[in-house]
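**Student:** Could you work out the structure for the sequence below:
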Amino acid sequence: MIRYIPLLCLTLLASSRGDSVTSVPNGFSSLFNGKDLSGWHGMPHYNPYELDKLSTDDRQKKIETWTTDARKHWTVQAGELVNDGKGVYLTTDKEFSDIELLLEYKTVAKADSGIYLRATPQVQIWDTTKEGGKWDRGADKGSGGLFNNDKSSPGRDPLVHADKPFGEWNSFRIIQVGERTTVYLNGKKVVDHARLENFWDRKRPLRRTGPIQLQTHGGEIRWRNIFVREIPAEEANEILRKHGSDEFKDLFNGKDFTGWAGPLDNYEIKNGAIVCKPKKGGNIHTQEEFSDFVARVEYQLPPGGNNGLAIRYPGTGQPSQVAMCEIQILDDDATKYKKLDARQYNGSVYGMIPAQRGYLRPLGEWNLMDVTVRGHLIQVELNGTRILDGDISKVTAFMGGKENPGRLRTKGYFGFAGHNDPVAFRLVRIKPLLTK
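**Tutor:** Numbering: from 1, shown residues only. Below you'll find the predicted structure:
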């Protein structure tokens, strides 16, 4: 994004000269004041889910103990944050969601370190030399990778080796939207829009919020110019939609219903979006059929809003029964929906596979959803976080005990399943995939 470029250049210029930038870049806030540890506490490599289980008093006592330890090993020297290679990690008091993070570090031989995002390991920092003794773990590939991801996953190893020699300052620029994490090290992209996996529970997506932690591990490391900017929803969606955008084609032109079929009179076009008319509904769909694909759509929910994405729909009937499936679009927090089946909430394969909850944006903001369909496999990513990954052919328990007879369909239309609420959809796009 254009406005980032001068900020990044400023940081890189400071690194190359070896001096310090004291002014906070426009739009950012400083996490380190250059004087003391204000805004930080101590916390080791510790499961945040276990921390959540503690009472408020027990949690506070534990944090106080960790912070006492941190103050033994973390000091401020000449405006630099210095760790002696020991002790717990320095952890922000504030928790963050979608962010852009700028920082600089300088370390020594045989040390390694990292940056925990949302209390989750980690953007890796290595001694990348052979003498460092960790080439067997991938240190020869360079720093900046998402080291605790599965070894086969994108982003685990950096795309290029971008580290500077010992004694020089290195600069990170990290952009994270949902789980999607992009890392620049010294101006070179080393991770490109990869998912940061949930180290603490591989079956769950990355936590929606959490603190930033600076790891200490075996040798002195110095930090400076630590700046963060929280990314608003519209910009977060822009980042997500730009990734791979040239591979998608538009299903909706933003002006009329060209290319669509079904009870179109029950919907209207407002401000470039398809909106279900209040107290209307029905299933509208594309005139073109699709087999394997990625559908990308942004949607805005009114209070209590209910709709759905029809996947491989035959053109008639209820999508949750006759299509491969319906992906639920729902205001999860509405009081009237408190007692639904787990397979009825937002992002779920309706009646068959529940999605992880808690990743919707507040009402009034636009959500971005990617639905990937390959054979009987289906993945749902909401606002950059994968909330569902399942195989419809392996479902044996159905809501209400009634099997969906269309669930094994291999081709059909894409559409919306309206339920009387003015849910809005915009930027409706699709990327056909080669069928294996």
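**Student:** Now do the same contact list for the residue lying closest to Gln215 once chain neighbours are set aside.
**Tutor:** Spatial nearest neighbour of Gln215, excluding adjacent residues (CB to CB, 6 or more residues apart in numbering): Gly114 at 4.3 Å. (C-beta placed from N, C-alpha, C; glycine too.) The contact partners of Gly114, by CB atoms under 8 Å, 6 or more residues apart in numbering, come to Pro121, Gln122, Val123, Gln124, Ile125, Phe147, Gln215, His217.
**Student:** Quick test: name the residue nearest the centre of the chain.
**Tutor:** Residue closest to the average C-alpha location in the chain (CA atoms, centre = their mean): Gly178, at 1.7 Å.
**Student:** quick one: that one from Leu388, how far?
**Tutor:** Distance from Gly178 to Leu388, counting by CB to CB, to the nearest Å: 14 Å.
**Student:** a markdown table for the contacts of Gly114, including pLDDT?
**Tutor:** Output for the contacts of Gly114, formatted as a markdown table (pLDDT from 0 to 100):
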| residue | pLDDT |
| --- | --- |
| Pro121 | 97 |
| Gln122 | 96 |
| Val123 | 98 |
| Gln124 | 97 |
| Ile125 | 96 |
| Phe147 | 96 |
| Gln215 | 96 |
| His217 | 85 |
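**Student:** Which of these fall in strands?
**Tutor:** Per DSSP state E, strands hold the following members of these: Pro121, Gln122, Val123, Gln124, Ile125.
**Student:** Now render those residues as CSV, adding distance to Leu382 and neighbour count.
**Tutor:** Below are the ones in strands among the contacts of Gly114 laid out as CSV (distance: CB to CB, whole Å; neighbours: other CB atoms under 10 Å):
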residue, distance to Leu382, neighbour count
Pro121, 23, 21
Gln122, 24, 21
Val123, 23, 28
Gln124, 27, 27
Ile125, 31, 26
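**Student:** With adjacent residues omitted, what lies nearest to Ile327?
**Tutor:** Leu309 (4.1 Å).
**Student:** and the gap between the one you found and Ala323?
**Tutor:** 9 Å.
**Student:** Please identify which of the two sits among more neighbours.
**Tutor:** Higher neighbour count among Leu309 and Ala323: Ala323, with 30 against 26, using other CB atoms under 10 Å.
**Student:** Strands of the stretch 151-300 of the chain, start to end?
**Tutor:** In chain order, the stretch 151-300 of the chain shows strands spanning 170-177, 180-185, 188-195, 213-214, 221-230, 249-250, 260-261, 267-270, 273-276, 281-290, 293-300, with DSSP state E, counting those that start in this stretch as the criterion.
**Student:** Mind giving me the packing neighbours of the first one?
**Tutor:** The helices and strands touching strand 170-177, judged by 3 or more CB pairs under 8 Å, 6 or more residues apart in numbering; DSSP states H and E, are helix 4-17, strand 99-107, strand 113-117, strand 180-185, helix 233-242.
**Student:** Could you tell me the least trusted of those?
**Tutor:** In terms of average pLDDT, helix 4-17 trails the rest of the helices and strands packed on strand 170-177, at a mean of 40.
**Student:** Would you mind giving the domain segments of this protein?
**Tutor:** Following automatic domain parsing, one gets these domains for the chain: 4-231, 246-432.
**Student:** residues contacting the nearest residue in space to Gly254 that is not next to it in sequence?
**Tutor:** Using CB to CB, 6+ apart and skipping residues adjacent in sequence, the residue nearest Gly254 is Gly272, 4.2 Å away. Going by CB under 8 Å, 6+ apart, Gly272 touches Gly254, Lys255, Arg426.
**Student:** May I see these arranged in CSV, with distance to Asn47 and pLDDT as well?
**Tutor:** Listed next are the contacts of Gly272 as CSV, based on distance: CB to CB, whole Å; pLDDT from 0 to 100:
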residue, distance to Asn47, pLDDT
Gly254, 46, 96
Lys255, 51, 96
Arg426, 39, 97
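**Student:** just the buried members of the residues you listed?
**Tutor:** With burial judged by 16 or more other CB atoms under 10 Å, the buried subset of the contacts of Gly272 is Arg426.
**Student:** Among the contacts of Gly272, which one sits closest to Leu101?
**Tutor:** Closest approach between the contacts of Gly272 and Leu101, by CB to CB: Arg426, at 29.5 Å.
**Student:** Thought Trp366 was touching the closest one, still the case?
**Tutor:** Yes: between Arg426 and Trp366 there is a contact at 7.3 Å, judged by CB atoms under 8 Å.
**Student:** residues shared between the contacts of these two?
**Tutor:** Contacts common to Arg426 and Trp366, judged by CB under 8 Å, 6+ apart, are Glu298, Tyr299, Gln300.
**Student:** Now the second one: closest residue in space, sequence neighbours ignored.
**Tutor:** Using CB to CB, 6+ apart and skipping residues adjacent in sequence, the residue nearest Tyr299 is Phe425, 5.1 Å away.
**Student:** do you know how far Gly187 is from Gly281?
**Tutor:** In this view, Gly187 and Gly281 are 51 Å apart by CB to CB.
**Student:** correction: Arg361
**Tutor:** Distance of Arg361 to Gly281, given as CB to CB: 24 Å.
**Student:** Compare those two (neighbour count), which wins?
**Tutor:** Taking neighbours as other CB under 10 Å, Arg361 and Gly281 compare with Gly281 leading, 19 against 16.
**Student:** Where do the helices of the stretch 1-150 of the chain begin and end?
**Tutor:** Assigned by DSSP state H, counting those that start in this stretch, the stretch 1-150 of the chain shows helices spanning 4-17, 48-53, 56-73.
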